[in-house]
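Undergrad: mind looking at a prediction? Sequence and model below.
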Amino acid sequence: MGLFDNILKDGESLIKMEEALDFEFLPKSLPFREKEQKFIAEIIKPLFQSRNGRNVVMHGPPGIGKTAAARHVVRELEEETADIYPIYINCWQNNTTYKIMIEMCEQLGYRLVQNKKTVDLCKVVASMVNKKSAVFIFDEIDKAEEYDFLYFILEEIYKKSIVLITNFKEWIATLDSRIKSRLLPELLEFKQYTEHETKEIMKIRAGYAFPEGVWYDPAFTRIAKKTFEVKDIRTGLFLMREAALIAEGQSKKNVELIDVEKAIAKLDDFSIKSSTDLEEDSKFILSIVKEHSGKKIGDLYDIYQKKGGKHTYKTFQRKISDLDKNQFISTKKQKGTGGNTTIVEKKLTDY
Ligand SMILES: Nc1ncnc2c1ncn2[C@@H]1O[C@H](COP(=O)(O)OP(=O)(O)OP(=O)(O)O)[C@@H](O)[C@H]1O
Ligand SMILES: [Mg+2]
């Protein structure tokens, strides 16, 4: 073997298809979520017979295929029929009834939204959807700041199924009783993957992303094990990309255990959710925390206001708490002279 046989040439990469490591990448099939997808399909089925559908709340911890399963059902639905509109909305990005209506119009192909008020947009949506039927999927539903849009759909849309996705099952209890009694959702729990399932999912994903033979066995096994420990497939995708880039940076032609260990060492800096999911104000708050990590929450609020932030302190606190729950930042209580305060720290670098 020549001295330089194992060195990557300029422009060569260990990764064949980098998109396959994106969190948003939707693989052709979703192993180990067949039952859940069937469940969602059953909820929707009455729409095929021009009847009203049922509703479901999907819940479970981060990174275990809830969004992917829902998007899969949408994809199949689109292939199957043009009579049912599939509408998918992330409520963290679109967190008010107005924004949600704008997004719905966009997905329905209605462009004349300028200068229209929320009620007018609702009328447009109702008149379009009521000619057919629709599946409404609201992802990250607990991040919506108001729920009028749910009430509107329940009252004004005749044939629909509503699919709500959240990490927090308890969220349902906080819903307004007007909505709850109309929604009457089934519950669909997403459980964490077993070690075997985690490894299989990672293997398939690696199959998309890397040419064969790039991964040495111990390196891959280590990643699969770590992913199982953390119980989040996103972490696995992050580790695969990082380890490959580390190996690539050293012009290696294979990913070795040492590269994986280095990638794992970076994990603390890693955001479980993608910050592109956040709505503008949370992104803004996150950027302030990153710049002023370690400050008290009250001081951060002052900075937020000086920079043009419009929300009340209470809303700001809630947004900080949401960012914390979803592991973008961390908070800790500290005793001070004037009572307890919260210290807010950045946790992550952007991914
Ligand atoms: N069974 C599976 N097969 C293939 N890929 C999967 C599977 N489950 C999850 N994934 C992948 O893992 C990543 C995270 O999944 P997903 O986005 O669906 O998580 P989630 O449960 O919606 O998490 P969150 O609550 O944080 O939004 C995605 O890239 C998804 O494609
Ligand atoms: Mg999700």
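TA: Great, that's in hand. Ligands and ions are numbered 1, 2, ... in the order given.
Undergrad: who in the stretch 101-250 of the chain is up against ligand 1?
TA: Counting by Cβ under 6 Å from any ligand atom, the stretch 101-250 of the chain comes close to ligand 1 at 167, 201, 233-234, 237. From N, CA and C alone the C-beta is placed, and that goes for glycine too.
Undergrad: how does it look with 5 Å?
TA: Residues of the stretch 101-250 of the chain lying near ligand 1 by Cβ under 5 Å from any ligand atom: 167, 201, 233-234.
Undergrad: next, count neighbours for the closest residue to ligand 1 within the stretch 151-300 of the chain.
TA: Nearest residue of the stretch 151-300 of the chain to ligand 1: residue 233, at 3.3 Å (Cβ to the nearest ligand atom). Per other Cβ atoms under 10 Å, the neighbour tally for residue 233 reads 22.
Undergrad: for the nearest residue to it once chain neighbours are set aside, give me the pLDDT.
TA: Excluding the flanking residues, the one nearest residue 233 by Cβ to Cβ, 6 or more residues apart in numbering is residue 63, at 5.0 Å. pLDDT for residue 63: 93.
Undergrad: does residue 63 sit in a helix, a strand or a coil?
TA: coil (DSSP: H, G, I helix; E, B strand; the rest coil).
Undergrad: is it true that it touches residue 231?
TA: Yes. Using Cβ atoms under 8 Å, residue 63 and residue 231 qualify as a contacting pair, with a distance of 7.4 Å.
Undergrad: my guess is residue 30 meets residue 69, correct?
TA: Yes. Applying Cβ under 8 Å, one finds residue 30 in contact with residue 69, separated by 6.0 Å.
Undergrad: in terms of neighbours, single out the busier of the two.
TA: Using other Cβ under 10 Å as the criterion, residue 30 and residue 69 rank with residue 69 on top: 23 against 18.
Undergrad: related to what we said a few turns ago, tell me which of residue 63 and residue 231 has more neighbours.
TA: The residue with more neighbours, out of residue 63 and residue 231, is residue 63; 23 against 14, by other Cβ under 10 Å.
Undergrad: spit out the contact partners of the more buried one.
TA: Residue 63 makes contact with 231-235, 272, according to Cβ atoms under 8 Å, 6 or more residues apart in numbering.
Undergrad: can you tell me the distance between the two ends of stretch 86-106?
TA: Length of stretch 86-106, first residue to last, Cα to Cα, to the nearest Å: 12 Å.
Undergrad: off-centre distance for that stretch?
TA: Taking Cα atoms, centre = their mean, to the nearest Å, one finds stretch 86-106 lying 15 Å from the centre of the chain it belongs to.
Undergrad: check which residues of that stretch are buried.
TA: For stretch 86-106, a neighbour-count test (16 or more other Cβ atoms under 10 Å) marks 86-105 as buried.
Undergrad: just the ones of those in strands?
TA: The members of these that map onto strands under DSSP state E are 86-90.
Undergrad: domains in the protein, by residue range?
TA: 34-189, 193-269, 275-346 (automatic domain parsing).
Undergrad: so which of the ones you listed is nearest residue 20?
TA: The closest of the domains of the chain to residue 20 is domain 193-269. By Cβ to Cβ, the value is 3.6 Å.
Undergrad: pLDDT of that closest one, averaged?
TA: Rounded mean pLDDT across domain 193-269 is 93.
Undergrad: where do the strands sit along this structure?
TA: 56-59, 84-90, 133-139, 160-166, 186-189, 295-296, 329-336, 339-346.
Undergrad: list the neighbouring strands of the third one plus their orientation.
TA: Spelled out, that is strand 133-139. strand 84-90 (parallel), strand 160-166 (parallel) (DSSP bridges).
Undergrad: distance to residue 294 and mean pLDDT added to those strands, as a markdown table?
TA: Formatted as a markdown table, these follow (distance: least, Cβ to Cβ, whole Å; pLDDT from 0 to 100):
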| stretch | distance to residue 294 | mean pLDDT |
| --- | --- | --- |
| strand 84-90 | 30 | 96 |
| strand 160-166 | 31 | 98 |
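Undergrad: need the helix or strand of the protein with the lowest average pLDDT.
TA: Every helix and strand of the chain was ranked by mean pLDDT, DSSP states H and E. The lowest is strand 329-336, at a mean of 85.
Undergrad: that one versus strand 339-346: what angle between them?
TA: Between strand 329-336 and strand 339-346, the angle comes out at 150 degrees (axes from the mean of the first three to the mean of the last three Cα atoms, to 10 degrees).
Undergrad: helices and strands around strand 329-336, which ones?
TA: Applying 3 or more Cβ pairs under 8 Å, 6 or more residues apart in numbering; DSSP states H and E, we find strand 329-336 packed against helix 313-325, strand 339-346.
Undergrad: pick out the shakiest of those, pLDDT-wise.
TA: In terms of average pLDDT, strand 339-346 trails the rest of the helices and strands packed on strand 329-336, at a mean of 88.
Undergrad: helices and strands around that one, which ones?
TA: Going by 3+ Cβ pairs under 8 Å, 6+ apart, strand 339-346 lies up against helix 280-291, strand 295-296, helix 297-306, helix 313-325, strand 329-336.
Undergrad: flag every buried residue along that strand.
TA: For strand 339-346, by 16+ other Cβ under 10 Å, it's 341-344, 346.
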